[in-house]
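1. here you go, sequence then predicted model.
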Amino acid sequence: MLQDQFNASMTHVQAISILISTFHHGKNPLAIDQRTFAKYTEKTAFERPLMSGVAYAIRVLHLEREKFERQQGWSIRKMNTVQQNPVHKDIHMPEKFEPSPVQEEYAPVILAQDTVAHMVSLDLLSGKEDCDNAIRARESGKGVLTTPFRLLKTNRLGVILTFAVYKRDLPADATPKDRVEATDGYLEGIFDIESLAENLFQQFAGKKTILVNLYDTTNRSQPISMYGSEVYVDKLEHVIALNFGDPLRNHEMRCRFKHKAPLSWLAITTTGSTLVITLLLGYIVFATMNHMAKVQEEYNRMVELKKKAEAADVAKSQFLSTVSHEIRTPMHGVLGILDILLDTDLDVTQQDHVRTAQASGKTLVSLLNEVLDQAKIESGKLDLESVPFDLRAIMDDVLSLFSGKSQENGVELAVYISHRVPDMLIGDPGRFRQIITNLMGNSIKFTEKGHIFVTVHLVEEVMETTDIEREASSRNTLSGFPVPDKRRSWAGFKNIGQDGRNCSLSPDRISVIVSVEDTGEGIPQEAQPRIFTPFVQVGSSISRKQAGTGIGLSISKCLVTLMDGELGFVSIPKVGSTFTFTASFTIGCSKQSKIIYPEFQCMRALVVDSRQVRAIVSKYHVQRLGIQVEVVPSLDHALSTISIGNAIFSMVLVEQVVWDADSAVSSLFVNKLRKLDQQLSSKLFILANSVNHSKKRDMLELHGLSIIMKPLRSSMLAASLQRAIGVGNKGNLRKLSSLSLSGLLAGRKILVVDDNYVNLKVAAGALKRYGADVVLAESGEKAISFLEPPHTFDACFMDIQMPAIDGFEATRRIREMEDNINDRIQNGDASIEACRNISNWHVPILAMTADVIQATQDECIRCGMDGYISKPFEGEHLYRELSRFFTSSPLMKCIENF
């Protein structure tokens with residue numbers, strides 16, 4: 001019975017190890033956490049009748065320790081004499097234990113049954129018994145036992161059973177080295193042998209006439225007593241060998257009489273008892289084998305299910321790849337033709353229609369990108385770039401994206417970035433822009449009045465009093481509408497200490513905190529717990545009013561996590577919402593001081609605004625141009641400041657709310673201002689959200705005032721001031737990107753390969769626009785013939801999915817031809833003059849496809865391609881790829897610099 005119950009417990013522990021390997025390490029996100037593990041082990045405790053508890057320790061290398069401790073929120077602790085007692089219930093304060101010393105690897109407990117929950121964070125490799133057991137278990141691939149040792153508090157003997165958990169299936173002949181490399185962690189089961197065996201043995205030795213002893217006989221000369229009393233008179237005993245699953249440890253059970261041998265008739269009874277025990281042992285062996293067969297069957301079934309799940313994941317990736325290509329390919333043609341159409345002679349109505357169609361197409365591509373991003377996140381294949389970028393420029397771009405909608409709704413839209421945030425950061429600007437766009441897009445959708453306010457600070461500033469927060473209150477907000485307390489949106493962040501610093505960051509990295517505050521509809525209380533669940537929207541009524549996929553916030557949360565940050569929110573229905581996230585970046589190299597707008601240097605501006613928060617935002621944007629700014633709350637104060645004459649103001653910027661408050665006062669202000677300074681009156685600006693009413697517009701034109709539309713951003717503000725004051729460069733800056741691409745492509749002979757006629761036409765039109773000499777090929781066979789050395793092509797744009805010979809195979813054959821001609825030139829078998837004086841042939845081949853799955857990009861590199869351009873073409877991406885191979889002509893460089 002003891003053997004049977006021990007084997008049952010052991011096989012169930014082995015099943016748990018398979019469960020952890022499949023659903024903890026084999027899933028992303030993790031399917032098993034501490035709460036799930038504790039609940040499962042409690043409900044299945046009857047399957048392990050001899051065990052006091054089970055715990056799982058994960059293998060952590062020293063290089064991974066810092067990141068692991070940051071993710072878990074606790075430090076790896078060292079086992080001391082007290083900690084080596086896994087079932088001691090009075091000790092459950094890991095913070096009192098010393099951190100584990102530096103070593104090559106650790107095994108901290110991350111999952112534990114409630115009876116041994118105090119083991120969480122303890123390093124098993126710092127305890128001698130547990131360390132020896134773990135090493136033997138991972139090298140052998142089998143369950144191993146410790147020597148018996150006294151458990152503290154109960155003072156009973158116990159043993160530890162350890163199984164290694166591997167990250168992949170291993171062959172039966174795997175070497176110990178292979179098993180060590182494949183180890184993910186260790187699962188331990190704790191046996192209180194003495195108390196449990198006592199209950200079992202009382203069933204057939206209840207009268208105490210027969211004594212049963214259990215020994216660990218690994219060391220035959222010094223066997224260790226695990227159960228039973230050593231007091232007996234008769235030396236006659238019966239020895240039975242026991243197998244507890246560890247081939248390196250031996251155990252045996254010895255049965256003897258407590259008193260002297262009874263009369264002969266009792267000897268018959270003893271013999272009968274021995275026979276019964278033998279039969280019981282036979283039954284134990286049979287039951288164990290039967291149980292092991294069932295466990296093996298379950299294991300095989302779980303392995304089969306795992307393979308099916310992996311196959312389904314691969315099928316899903318292939319499906320997404322195909323769908324991506326099939327949708328992007330026609331969309332590439334549509335957007336490309338529309339882009340070419342915009343360069344033709346169209347009237348205003350036709351241009352509006354084309355731009356509307358173009359915006360709809362880009363929305364569809366954006367939706368497709370969101371679905372693909374979600375698939376990448378689920379498969380763990382989403383990687384971040386690490387390139388320098390200007391955070392303020394990104395925020396200006398996002399403001400431009402939503403400015404039209406905010407002006408249409410009359411909603412105040414503003415951005416404020418702390419001066420402590422560095423000018424240049426190193427990270428993934430595209431993904432950062434995507435997070436901001438998702439959050440601001442939601443705010444724009446659900447905000448019909450009030451404001452949307454984005455602030456960016458360093459994380460340590462949230463514990464200090466910033467300029468914005470110093471002026472803020474429940475009513476003193478950007479628009480005057482009440483908002484929730486934004487501090488509640490980051491109250492649950494784990495990476496922000498009391499001093500506001502993220503201790504896990506290196507000195508060359510910073511963590512920024514971004515808040516998007518709105519006065520919209522708010523999120524219903526019942527919907528808030530599922531706000532970050534993919535494809536789930538906040539409510540049916542809101543969903544009908546505003547369309548969406550419901551995955552923007554889910555993607556944003558995953559992207560923030562990849563940036564070592566956190567995302568939270570606070571929302572009050574009918575008041576508004578505030579979403580806040582943190583992100584970590586490397587500090588970029590600060591560029592040499594460069595005056596972007598020299599025409600504004602030494603100028604002074606006077607901002608008139610009665611609302612302090614809004615005035616600070618206006619001051620921030622004007623100061624970005626190099627203009628000194630002073631703020632006053634009213635028109636009367638403005639006149640007083642100007643009339644004193646201590647400073648000469650080049651311009652006065654009045655908030656529309658202040659100007660519209662009293663038309664008589666506004667008119668009087670203009671007249672008095674003209675008397676004080678006739679020249680200054682022509683440099684009076686109104687900062688407006690929207691000027692839709694004709695009466696307001698007529699009034700402003702009557703006074704000869706200039707209007708600056710919000711949201712404020714440096715390029716727009718500079719253009720408005722330059723236009724009104726009559727200074728600065730009035731050229732079209734949007735042509736710079738076209739000039740840059742023209743500098744790279746002018747005179748270049750480019751081969752475009754695609755089996756789709758529309759795609760060929762679009763690609764040719766896009767490249768010819770920048771001065772390239774384009775040759776078209778509709779198949780992989782023609783591409784191979786065109787690019788057989790020697791040829792005159794400077795680069796090739798190669799589609800991937802083509803009939804007969806696809807882009808991958810065509811590229812391989814082209815590279816083989818190039819390698820062959822290079823070898824012939826090197827060996828002297830071919831003349832370098834006959835090869836156009838080129839000693840090393842390698843034409844740049846860029847993949848040109850609508851498939852943006854990571855696996856496809858990897859295959860492009862493996863087959864010999866040099867880069868990857870997704871359909872439809874984007875100027876920035878095209879320039880980034882081509883600049884790796886081409887340089888601008890001297891003339892174009894002069895034009896760009898100019």
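-> The structure has been received and is ready for your questions.
2. C-alpha only now, for contacts and for neighbours.
-> OK.
3. ok but Ala357 is inside a helix, no?
-> Yes. According to DSSP: H, G, I helix; E, B strand; the rest coil, Ala357 belongs to a helix.
4. phi, psi for Asp184 please.
-> With angles defined as degrees, to the nearest 10, Asp184 sits at phi -100, psi -30.
5. residue ranges with poor pLDDT in the stretch 151-300 of the chain?
-> For the stretch 151-300 of the chain, the stretches with pLDDT under 70 are 151-156, 194-210, 227-236, 243-247, 257-267.
6. can we see that at 50?
-> 152, 205-207, 233 (pLDDT under 50).
7. helices along that one, start to end?
-> Using DSSP state H, counting those that start in this stretch, the helices of the stretch 151-300 of the chain run over 176-181, 193-201, 264-342.
8. nearest to Arg624 among the ones you listed would be which one?
-> helix 264-342 (33.7 Å; Cα to Cα).
9. tell me what that closest one is packed against?
-> Judged by 3 or more Cα pairs under 8 Å, 6 or more residues apart in numbering; DSSP states H and E, helix 264-342 is in contact with helix 2-23, helix 348-379, helix 757-768.
10. got the angle for it vs helix 2-23?
-> Interaxial angle, helix 264-342 versus helix 2-23 (axes from the mean of the first three to the mean of the last three Cα atoms, to 10 degrees): 0 degrees.
11. correct me if wrong: Gly141 contacts Thr162.
-> No. Look at Gly141 against Thr162 with Cα atoms under 8 Å: they stay out of range, at 10.1 Å.
12. of the two, which one has the most company?
-> Using other Cα atoms under 10 Å as the criterion, Gly141 and Thr162 rank with Thr162 on top: 30 against 20.
13. quick one: contacts for Glu42?
-> Gln113, Asp114 (Cα atoms under 8 Å, 6 or more residues apart in numbering).
14. what backbone torsions are found at it?
-> phi -70, psi -40.
15. against Ile160, how distant is it?
-> 19 Å (Cα to Cα, to the nearest Å).
16. next one: Ser785
-> Distance from Ser785 to Ile160, by Cα to Cα: 70 Å.
17. between the two, which one's more packed in?
-> Looking at Ser785 and Ile160 with other Cα under 10 Å, you find the greater number of neighbours at Ile160, namely 22 against 12.
18. partners of the more buried one in the sheet?
-> Beta-bridge partners recorded for Ile160 (DSSP bridges): Ile190.
19. you'd agree it is up against Leu187?
-> No. Ile160 is beyond contact range of Leu187, at 10.1 Å (criterion: Cα under 8 Å).
20. Glu827: neighbouring residues, count only.
-> Quick fix: residue 827 is Asn, not Glu. 10.
21. could you look up the SS state of the nearest residue to Thr437 once chain neighbours are set aside?
-> Nearest residue to Thr437, sequence neighbours excluded (Cα to Cα, 6 or more residues apart in numbering): Val398, at 6.5 Å. Of the three states, Val398 takes helix under three-state DSSP.
22. returning to what we had before: lowest-confidence stretch among the helices and strands packed on helix 264-342?
-> Among the helices and strands packed on helix 264-342, helix 348-379 carries the lowest mean pLDDT, at a mean of 74.
23. who does that helix touch, helix- and strand-wise?
-> The helices and strands touching helix 348-379, judged by 3+ Cα pairs under 8 Å, 6+ apart, are helix 264-342, helix 552-562.
24. closest to Ala764 out of these?
-> helix 264-342 (10.1 Å).
25. show me how far that closest one is from its chain's centre.
-> Offset of helix 264-342 from its chain centre (Cα atoms, centre = their mean, to the nearest Å): 28 Å.
26. specify the angle between that helix and helix 348-379 in degrees.
-> 160 degrees.
27. most packed of the helices and strands packed on helix 348-379?
-> helix 552-562 (a mean of 21; mean count of other Cα atoms under 10 Å).
28. next structured bit after that helix?
-> Next helix or strand after helix 552-562 toward the C-terminus (DSSP states H and E): strand 567-572.
29. which residues in the stretch 751-898 of the chain form helices?
-> Using DSSP H, counting those that start in this stretch, the helices found in the stretch 751-898 of the chain span residues 757-768, 780-786, 807-827, 854-862, 875-882, 890-897.
30. a markdown table for the ones you listed, including distance to Ala174?
-> Listed next are those as a markdown table, based on distance: least, Cα to Cα, whole Å:
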| stretch | distance to Ala174 |
| --- | --- |
| helix 757-768 | 52 |
| helix 780-786 | 45 |
| helix 807-827 | 36 |
| helix 854-862 | 30 |
| helix 875-882 | 45 |
| helix 890-897 | 61 |
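31. which of these has the lowest average pLDDT?
-> helix 890-897 (a mean of 43).
32. spatially central residue in the chain, please.
-> Leu562 (2.7 Å; Cα atoms, centre = their mean).
33. dig out what Phe581 forms beta bridges with.
-> Val514, Leu567.
34. can you give me the neighbour number for it?
-> With other Cα under 10 Å as criterion, Phe581 counts 24.
35. now swap in Tyr868 and tell me
-> Other residues close to Tyr868 by other Cα under 10 Å number 22.
36. so it makes contact with Ala847?
-> Yes. Between Tyr868 and Ala847 there is a contact under Cα under 8 Å: 4.7 Å.
37. what is in contact with those two at once?
-> Cys860.
38. next one: Arg769 from Glu47, what distance?
-> Taken as Cα to Cα, the span from Arg769 to Glu47 is 74 Å.
39. also Ser221?
-> 35 Å.
40. which of those two has more neighbours?
-> Taking other Cα under 10 Å, Ser221 and Glu47 do not tie; Glu47 has more neighbours (16 against 7).
41. so what's that one up against?
-> Taking Cα under 8 Å, 6+ apart, one finds Ala8, Ser9, His12 in contact with Glu47.
42. which phi and psi does the closest residue to the second one other than its chain neighbours have?
-> Read that as Ser9. Among residues not flanking Ser9 along the chain, Arg48 sits closest, at 4.0 Å (Cα to Cα, 6+ apart). Main-chain dihedrals, Arg48, degrees, to the nearest 10: phi -120, psi 70.
43. hmm, Arg48 is touching Gln14, no?
-> No. Counting by Cα under 8 Å, Arg48 does not reach Gln14; the two are 11.1 Å apart.
44. which parts of the stretch 351-500 of the chain are helices?
-> Counting by DSSP H, counting those that start in this stretch, the helices of the stretch 351-500 of the chain are 391-409, 429-446, 467-471.
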